[in-house]
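A.B. asks: Give the three-dimensional model of this entry:
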Amino acid sequence: MKNLEDVRRALVEKLGDEGKLLVLNARLILRTGVSLSKIHPEQAEDAKSVAKVLTALREMGFELNS
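C.D. replies: Coordinates of the predicted model:
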């Protein structure tokens, strides 16, 4: 995945519900400092931010095809 919007889309598809993202997003913010609900422009295309989020999601049991 090239950017955080790609990660967000894949995660919502996997969760099947946009509302579930809100709960998971809180955990992501605490673990990574990155929000998928309000993506900051400086993080949107940052490869390190994308990798950090994908790693955290994987550790939480959400494997996304990257």
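
A.B. asks: On the three-state scheme, residue 38 is what?
C.D. replies: With DSSP: H, G, I helix; E, B strand; the rest coil as the basis, residue 38 sits in coil.

A.B. asks: low pLDDT regions in this protein?
C.D. replies: 66 (pLDDT under 70).

A.B. asks: can you rerun that using 90?
C.D. replies: Confidence mapping of the chain against pLDDT under 90 gives the ranges 1, 65-66.

A.B. asks: And the helices in it?
C.D. replies: 4-15, 18-32, 41-44, 47-59 (DSSP state H).

A.B. asks: Tell me which of these lies nearest to residue 65.
C.D. replies: Residue 65 lies closest to helix 4-15 among the helices of the chain, at 7.1 Å (Cβ to Cβ). From N, CA and C alone the C-beta is placed, and that goes for glycine too.

A.B. asks: returning to what we had before: kindly present the helices of the chain as JSON lines, with separate columns for mean neighbour count.
C.D. replies: Shown next, in JSON lines, are those (neighbours: other Cβ atoms under 10 Å):
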{"stretch": "helix 4-15", "mean neighbour count": "16"}
{"stretch": "helix 18-32", "mean neighbour count": "14"}
{"stretch": "helix 41-44", "mean neighbour count": "12"}
{"stretch": "helix 47-59", "mean neighbour count": "16"}
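
A.B. asks: export those helices to TSV and tack on distance to residue 65?
C.D. replies: Below are the helices of the chain laid out as TSV (distance: least, Cβ to Cβ, whole Å):
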stretch	distance to residue 65
helix 4-15	7
helix 18-32	17
helix 41-44	20
helix 47-59	10
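
A.B. asks: separation between residue 50 and residue 29?
C.D. replies: 15 Å (Cβ to Cβ, to the nearest Å).

A.B. asks: Ok, residue 12 next?
C.D. replies: Taking Cβ to Cβ, one finds residue 12 at 16 Å from residue 29.
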